[in-house]
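[1] The following block contains a protein sequence and its predicted model.
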Amino acid sequence: MAAYKDLIGQKITKTTSDPSEAKTGQMWYNSTTGNLRGLGIVEAFISSAPLSTKREGAGAFGTQTAGVICGGETPSVSGATEEYNGTGFSAGGTMNTARYRLQGTAGTATAGIIFGGVEPATSNKTETYNGTAWTTSPYTLNTARWCAGAGIQTSALAFGGGPSYKNNTEEFDGEGWTAGNTLNTARNSLSGAGANAEECLAFGGETSSPPAVATNATESWDGTSWTEVNNLNTARYGGYGAGTQTAAILIGGIVGPGTMQSATEIWDGTNWTTSPASLATARGRLSVAGSSTAAIAMAGQTPSITTATEEYNKSSNTLTAAAWSSAANMPYVVQRAGAAGTVDAAFVFGGHRGPSDSAIGPPTDTPTTNTCLGAASIASWTNGPALNTGRSSMGSWGTQTAAMCVGGDPYRNESETYNGSSWTEGPNLPAGRQECAGCGTTSAALLAGGSVPPFTGTSFEYDGSNWTAGGTNTASVMSNTGAVGSVTAALVAAGYVGPPPSTAYSSATYHYDGSSWTTGGNLVLGNGFMRLSGVQTAAIMMNGSTPTDSAANLKTQQYDGTNWVTGATRSQDNSNRASSGTAPAAGTFSAGGYHNPSPGSGYLSEVVEEYVGETSTVKVDTFQTS
């Protein structure tokens, strides 16, 4: 019998405690507990950022950290492309021919290929993707159809499909499609996997045995012909596969009319094994990219069309998805308040109480001077010292012990500084403004945008004693915008753009370096009445709204200093909230706001949410020693 060291390449070590960072394959004997321990394997799905556009029957290719989804039904036929970077989605290039039933896809995020589909006429067209734009290939399929596909951009295979139940096979070498030997089982809505056109796997689908039924048939392609191999454990169609001929994954699907599948199966080159990990949202006609150990499942029908995204991982790490969760409610209802601090030391001040408020006195439309301070993890709130001047829609920043607020409704020019126990009047702005945004510290800050009126692109810098004019953002004037960072590395994004009476929602982003403004990446979704948390190179946007997207104030977006992607969905449908916090991975909070479940039924809120980014912990197992 071979020794463990000969098999794995390292010895079983003896320790008095578990290592802080165990290595893959490592085992150790803990002499303190008397246990033989090693890294365990976890298979699990976790939720991820949703797509911008709901869809089903879309194409997908790439990896879990560099994936592409394209086309599909929304329910109209779409040519939209979205790119996934491991955190969220951003817009990609639009396909030249909109279509759905796009399992005929292959390649990487920067070298992808799609073929066939439904336009709504059955298509034979081929397009290639370079990571930015689509190009229509002069080479078309010999048989127009929706089909399964696998391989890479220069070595792809198309097989099976519809309409009806096809067994055709065609190989693409970058210079044309060539017909090959047919599948043993004709079928449509099947799945495929493969590293190139010479090594592919076809599985599942719907056959014509009357009545039409899901099949579990699996076939392997050797570059010349198909051979029947071991079947799936669960027959299904409308699932989606990824991986290679010897290491494939099948996720979701449909087992019968209206019956969606959540199960996942893994192929090891010989057999299919049902994974202990299942989709949280069972669905068919979904889209999958990645490998048999790291995949992403996107969109699909539940049977309604969804934007849901889930990541599948098989590793020694237990992943917990980034998510919003409920925290303790504030002691009063408020919207458009200022905020400072973090999830472990939150601070909310001022804001508009509105006529729905009965918790702190008679209803009033006057901006409030009330403040409240949150305990660690926002487990509770206490009332804090009152502002000297009631205001809402102001610039605010800082910490729970060193905060600042400036301007605000109705066109205030006053500034105030908080030292952990009381507010002190500071120097006034040259002119009053509201719906502005600010960032920095109590000794070095930036105030940008807002309404003077009209909307303005001017900014001011604060040095702890005086306000001086900052660079003018001549590219746009904005109101109801957001800002984070420092006076020498600031990020300002979104909001209304003017001049009034325009109420267009901006998707623009601007960077400030202490003297001048430059343009950053565009938002996935432009909005107003939103807030930012984080820093210039790691920010999260939340709480916005648009006139065309009723769910906009549930959506979040994240920024890495260059690009915006979709983020985890909030559970509370409120806009005009107060928000503050650190970079997305470290957490932020969102409080209060305006909830409008239907026209004419809106009310103010005291609800608070906390955001925590994705976390990872190593799974360690104990093994029997006797």
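    Looks like it arrived, so ask away.

[2] how long is stretch 284-294 end to end?
    20 Å (Cα to Cα, to the nearest Å).

[3] do stretch 279-290 as well
    16 Å.

[4] do stretch 570-581 as well
    End-to-end distance for stretch 570-581, by Cα to Cα: 16 Å.

[5] ok, now stretch 204-221?
    Stretch 204-221 has an end-to-end distance of 15 Å (Cα to Cα).

[6] can you pull out the strands in the stretch 251-400 of the chain?
    Counting by DSSP state E, counting those that start in this stretch, the stretch 251-400 of the chain has strands at residues 259-267, 272-274, 287-290, 294-298, 309-315, 317-320, 323-326, 338-342, 345-349, 352-354, 364-367, 371-374, 381-383, 395-398.

[7] wait, Gly67 sits on Thr87?
    No. With contact defined as Cβ atoms under 8 Å, Gly67 does not count as touching Thr87 (11.5 Å). C-betas here are computed from N, CA, C, even on glycine.

[8] which of those two has more neighbours?
    The neighbour count for Gly67 versus Thr87, taken as other Cβ atoms under 10 Å, is higher for Gly67 (27 against 21).

[9] any idea how far the more buried one is from Leu51?
    Gly67 sits at a distance of 11 Å from Leu51 (criterion: Cβ to Cβ, to the nearest Å).

[10] Can you check which residues contact both of those two?
    Applying Cβ atoms under 8 Å, 6 or more residues apart in numbering, one finds that Gly67 and Leu51 are jointly contacted by Met298.

[11] Is it possible to get CSV of the strands of the stretch 251-400 of the chain that adds mean pLDDT?
    CSV is the format used below for the strands of the stretch 251-400 of the chain (pLDDT from 0 to 100):
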stretch, mean pLDDT
strand 259-267, 97
strand 272-274, 97
strand 287-290, 98
strand 294-298, 97
strand 309-315, 94
strand 317-320, 79
strand 323-326, 90
strand 338-342, 95
strand 345-349, 96
strand 352-354, 77
strand 364-367, 73
strand 371-374, 96
strand 381-383, 96
strand 395-398, 96
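
[12] out of these, nearest to Gly162?
    Among the strands of the stretch 251-400 of the chain, the nearest to Gly162 by Cβ to Cβ is strand 287-290 (17.6 Å).

[13] Quickly run through the sheet partners of that closest one, with directions.
    strand 294-298 (antiparallel) (DSSP bridges).

[14] residues making contact with the strand it pairs with?
    Identification of contacts with strand 294-298 by Cβ under 8 Å, 6+ apart yields 45, 48, 51, 58, 60, 63-65, 67, 69, 84, 240, 242-243, 249, 251-252, 279, 286-290, 308-315.

[15] Now list the buried members of those residues.
    45, 48, 51, 58, 60, 63-64, 67, 69, 84, 240, 242-243, 249, 251-252, 279, 286-290, 308-315 (16 or more other Cβ atoms under 10 Å).

[16] Residues in a beta bridge with Phe460, which ones?
    Leu447, Ala469.

[17] I meant to write Asn383 there.
    Applying DSSP bridges, one finds that Asn383 bridges with Cys372.

[18] Tell me who's in contact with it.
    Contact analysis of Asn383 by Cβ under 8 Å, 6+ apart lists 331, 370-373.

[19] Tell me the one among those residues nearest to Ser616.
    For those, the nearest to Ser616 is Leu373 (31.7 Å; Cβ to Cβ).

[20] Grab the two from the contacts of Asn383 that are most spread out in space.
    Taking Cβ to Cβ, the two most distant members of the contacts of Asn383 are Asn370 and Leu373; they sit 11.5 Å apart.

[21] Same drill for those two, tell me which one is more crowded.
    Asn370 (24 against 20).

[22] Pull the contacting residues for the more buried one.
    Per Cβ under 8 Å, 6+ apart, neighbours of Asn370: 332, 334, 349-351, 353, 360, 383, 386-387.

[23] just the buried members of those residues?
    Counted by 16+ other Cβ under 10 Å, these give 332, 334, 349-351, 353, 387 as buried.

[24] and the least confident of these?
    Ranked by pLDDT, the buried ones among the contacts of Asn370 bottom out at Arg353, which has 80.

[25] wait, it sits on Glu606?
    No. The pair Arg353 and Glu606 does not pass the contact test of Cβ under 8 Å, sitting 10.9 Å apart.

[26] Just the pLDDT at Ser616, thanks.
    pLDDT at Ser616 comes out at 74.

[27] same question but for Ala475, I mixed them up
    On pLDDT, Ala475 comes in at 51.

[28] same question, the one 3 residues further on
    Met478 carries a pLDDT value of 74.

[29] For it, give the beta-bridge partners.
    Thr456, Val497.

[30] my read: it touches Ser506, true?
    Yes. The pair formed by Met478 and Ser506 meets the contact definition of Cβ under 8 Å, at 6.0 Å.

[31] And those two? Which one has more around it.
    Using other Cβ under 10 Å, the more surrounded residue of Met478 and Ser506 is Met478, with 29 against 24.

[32] Low-confidence bits of the stretch 351-500 of the chain, can you list those?
    For the stretch 351-500 of the chain, applying pLDDT under 70 flags the ranges 354-365, 472-477, 498-500.

[33] do that again at 80, thanks
    The model of the stretch 351-500 of the chain has pLDDT under 80 over residues 354-366, 456, 471-479, 496-500.

[34] Ok, the stretch 1-150 of the chain next?
    1-31, 33-41.

[35] tell me the helices in it, going along the chain?
    Here the stretch 1-150 of the chain has its helices, by DSSP state H, counting those that start in this stretch, at 4-8.

[36] show me what contacts Tyr350?
    One correction, residue 350 is Gly, not Tyr. 337-338, 367-371, 387, 390-392, 394, 396, 405, 408.

[37] can you rerun that using 7 Å?
    337-338, 367-369, 387, 390-392, 394, 405, 408 (Cβ atoms under 7 Å, 6 or more residues apart in numbering).

[38] any idea how far it is from Ala339?
    Gly350 is 10 Å from Ala339, by Cβ to Cβ.

[39] Kindly report the same for Leu554.
    Counting by Cβ to Cβ, the gap from Leu554 to Ala339 is 19 Å.

[40] Please identify which of the two sits among more neighbours.
    More crowded of Leu554 and Ala339, by other Cβ under 10 Å: Ala339, with 28 against 20.

[41] State the distance from Thr185 to Val608.
    To Val608, Thr185 is 56 Å away according to Cβ to Cβ.

[42] With neighbour numbers in mind, choose between the two.
    Val608 (25 against 20).

[43] If I follow the layout properly, that one ends up in contact with Pro331?
    No. Using Cβ atoms under 7 Å, Val608 is not in contact with Pro331; the gap is 10.8 Å.

[44] Between the two, which contacts overlap?
    With contacts taken as Cβ under 7 Å, 6+ apart, Val608 and Pro331 have no neighbour in common.

[45] Can you report how many residues neighbour Thr13?
    Using other Cβ under 10 Å, Thr13 has 11 other residues around it.

[46] partners of it in the sheet?
    Beta-bridge pairing for Thr13 (DSSP bridges): Trp28.

[47] How much space separates it from Thr33?
    The value you get for Thr13 to Thr33, if Cβ to Cβ is used, is 15 Å.

[48] so where do the helices sit in the stretch 451-600 of the chain?
    Counting by DSSP H, counting those that start in this stretch, the stretch 451-600 of the chain contains no helices.

[49] Return the per-residue confidence for Thr622.
    For Thr622, pLDDT reads 70.

[50] actually Asn574, not the one I typed
    Note for Asn574: predicted pLDDT of 79.

[51] I'd assumed His595 was in contact with it.
    Yes. Counting by Cβ under 7 Å, Asn574 does reach His595; the two are 4.8 Å apart.
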